[in-house]
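> prediction below, plus the sequence it came from.
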Amino acid sequence: MALSPYIVTVTAENFESVVIDGSFDRPVLVDFWADWCAPCKGLMPVLAKLAEAYGGKFILAKVNTEEEQALAAHFGIRNLPTVQLFKSGEMVDQFMGALPESQVREFLERHLPRAGDGLLAQAQGLMAAGDLDRAATLLEQARTEDPDNARVALAEVQLTAARGDIAGATDGLERLPLELAHDPEVASLRGQLRFAAALVGAPAPAQLAERLAADPNDSEARYRLAAHRVLAGDIEGALEDLLALMKRDRKYGEDAGRKGMVAIFDLLGGQGELVSRYRAKMMTALY
């Protein structure tokens, strides 16, 4: 079978240019295979068909592991076939075994550009600038052009939150497609909504600070002050308040101090110096 413009044989010599550098332009799907591997031969026509069907939305790079053993070892290939997807110079996802075409398509769809992605990016910029009406117009257009794009639904929830409808946004968050269940952006939004909900009808930060000065055991004031700090960007101050609440009153809000700290960890993507430091403090306080 003649190779198409979208299918490239990769060796150690051209891996850097084809896969690493090339993945900054569009995703590169790397198929690690061997001539003796029957499942590899079953998967090959599926990958080739999809490379043609997607018309250059991704490049299929084929690595013969018998001839490129050092390359296979470098990427930790132990089972064949192994298929890895590279974006922006890094391997971001992989699967092993000869999956059926439907599952390979599902794998690809998680990473390939969508028709509505450009509109979504514009809408996100408008939301950040506070132009919510124009953002809503673009989201309606994205929904029409790309109705199956799960990220359109997420952006709609973000818009609802930006309009101040915290209850509506929280409800919308729970109805997002299952494919977004573990998305870091969803986890971050869930944390933001948690603290925004705590501020509905809440006093101003100065009043809450006065209440705490008068009574350090005022758990409601401490939690709501932490919520104010989160939304104002004072993350470490919020973590200090929540840690103090967790130490003083585990019963308040069904352990709201600990749950609030976990929500902030999600807001921060679950990593970084601040997360590591306060996760250690939280564990010490718990045990």
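Sure, I can see it. Residues are numbered from 1 along each chain as shown.

> okay, helices next: where are they in the stretch 101-250 of the chain?
101-109, 117-128, 132-145, 150-162, 166-174, 184-198, 205-214, 219-232, 235-248 (DSSP state H, counting those that start in this stretch).

> for the record, mean pLDDT for the longest one?
Right, the one you point to is helix 184-198. Average pLDDT, helix 184-198: 90.

> how about the third one?
Helix 132-145 shows an average pLDDT of 94 in the prediction.

> go on, the last one?
In this model, helix 235-248 carries a mean pLDDT of 96.

> quick check: Val28 vs Gly116, distance?
Applying Cβ to Cβ, to the nearest Å, the value for Val28 to Gly116 is 23 Å. In short, each C-beta sits where N, CA and C put it, glycine included.

> would you mark the buried spots in stretch 233-243?
Ile235, Ala238, Leu239, Asp241, Leu242, Leu243 (16 or more other Cβ atoms under 10 Å).

> what separates the most far-flung residue of the chain relative to its centre from Glu174, distance-wise?
What lies farthest from the middle of the chain is Ala214; by Cα atoms, centre = their mean that is 42.1 Å. Per Cβ to Cβ, Ala214 is found 38 Å from Glu174.

> any chance of the backbone angles for Asp31?
Dihedral angles of Asp31 (phi, psi; degrees, to the nearest 10) stand at phi -100, psi 110.

> for it, give the beta-bridge partners.
According to DSSP bridges, the residues that bridge with Asp31 are Lys62, Val83.

> that one touches Val46, doesn't it?
No - at 10.1 Å, Asp31 does not count as touching Val46 under the criterion of Cβ atoms under 8 Å.

> just to be sure, Val8 is in a helix?
No - per DSSP: H, G, I helix; E, B strand; the rest coil, Val8 lies outside any helix segment and is strand.

> that one against Leu60, yeah?
Yes - taking Cβ under 8 Å as the definition, Val8 is a contact partner of Leu60 at 7.2 Å.
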